[in-house]
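Chemist: coordinates for the following, if possible.
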Amino acid sequence: MFTSRCSDATVNEWAQRVPAGFIFSVKIPQIITHDKILVDCDDEFELFVDTMDILDDKLGPMIFQFPYFNRSVFRTADEFLARLKAFLPKLPADYKFAIEIRNKSWLTEEFADLLHKHKVALVLVDRPRMPRPEEWLRGFNPITADWTYIRWLGDRKGIEEITKTFNKVVVDRKEDIRSWVDVCYQIKKRGVLIYAYANNHYAGHGPATIEQFRDLWYSSGLPELERGRRMRLQTSLFDDPPTR
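Modeler: Residues are numbered from 1 along each chain as shown. Model prediction:
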């Protein structure tokens, strides 16, 4: 997952350096999601999309990752929804967009219905103070497009108190991953394409997390994962910068 604003030359180099079938997931710049929060940011947004368009068929989901908002920013969830309702019609067609929020109480049927109306995916994120894996499939339907996006983020602060060298698993998340295997299977049975990403802060080593997911998937007797088609499992190419 790439996060920074990049030049045309840099993005073109990305496209040239990876093999056919590689899919990039990119994060909308923070000036849009954190600073301007969807207001008066049309120029920045259009420039970003135009730049990412260089990736052509290697461009996958584009993620609006919002920070946790306190009452000094939005007094209620309705205020955020109003902001979102004004912006979503501006999204260009034929791209994949997803939205991640970190205010757990805002995860409502009304919010999901709004995303569904605009064919925007809701990011299912595993991090502190967000729903547990099995909780995502309870209550409202969190699958708001014909694809979905999962992020295994973990506890950044907690794991960096243990280590900042990410060459092995340092937090045992096996049971959490087992729960995600079940969640992914339930989603996959619905014919939904899944993009799933693990960073180092989830368990201490992103690639090992992915391998553990695959091992648990197959040890559960589940069908072969069609690599690159029905489910994409990847590690984040860059860890997320600290969220303000």
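
Chemist: flag the shaky bits of the chain, pLDDT-wise.
Modeler: Within the chain, the segments meeting pLDDT under 70 span 1-5, 226-244.

Chemist: tell me which stretches of this protein form strands.
Modeler: Residue ranges of the strands in the chain, as given by DSSP state E, are 24-27, 59-65, 97-100, 121-126, 147-152, 193-198, 231-235.

Chemist: out of the ones you listed, which comes closest to residue 214?
Modeler: Distance to residue 214, taken as C-beta to C-beta, is lowest for strand 231-235 among the strands of the chain, at 7.1 Å. From N, CA and C alone the C-beta is placed, and that goes for glycine too.

Chemist: can you give me the neighbour number for the residue nearest to residue 179 when sequence neighbours are not counted?
Modeler: Leaving out its chain neighbours, the residue that sits closest to residue 179 by C-beta to C-beta, 6 or more residues apart in numbering is residue 133, at 3.8 Å. Burial of residue 133 is recorded as 20 neighbouring residues (other C-beta atoms under 10 Å).

Chemist: how much space between residue 133 and residue 61?
Modeler: The span separating residue 133 from residue 61 equals 20 Å under the rule C-beta to C-beta, to the nearest Å.

Chemist: got it, and residue 110?
Modeler: Taking C-beta to C-beta as the measure, residue 110 falls 23 Å from residue 61.

Chemist: more neighbours: the two, which one.
Modeler: More neighbours surround residue 61 than the other of residue 110 and residue 61, with 24 against 11 (other C-beta under 10 Å).

Chemist: surely the more buried one and residue 97 touch.
Modeler: Yes - using C-beta atoms under 8 Å, residue 61 is in contact with residue 97, at 7.1 Å.

Chemist: overlap in contacts of these two?
Modeler: In the contact map built from C-beta atoms under 8 Å, 6 or more residues apart in numbering, the residues linked to both residue 61 and residue 97 are residue 121.

Chemist: all helices for the protein, in order.
Modeler: The residue ranges that make up the helices of the chain, judged by DSSP state H, are 8-17, 30, 42-52, 77-87, 109-117, 156-160, 174-188, 200-203, 206-219.

Chemist: which one of those is the most hemmed in?
Modeler: A comparison of these by mean neighbour count, using mean count of other C-beta atoms under 10 Å, puts helix 200-203 on top with a mean of 25.

Chemist: residues in contact with that one?
Modeler: Counting by C-beta under 8 Å, 6+ apart, helix 200-203 makes contact with 126, 152-156, 159-160, 166, 169-173, 177, 206, 209, 212, 235-236, 239, all of which sit outside it.
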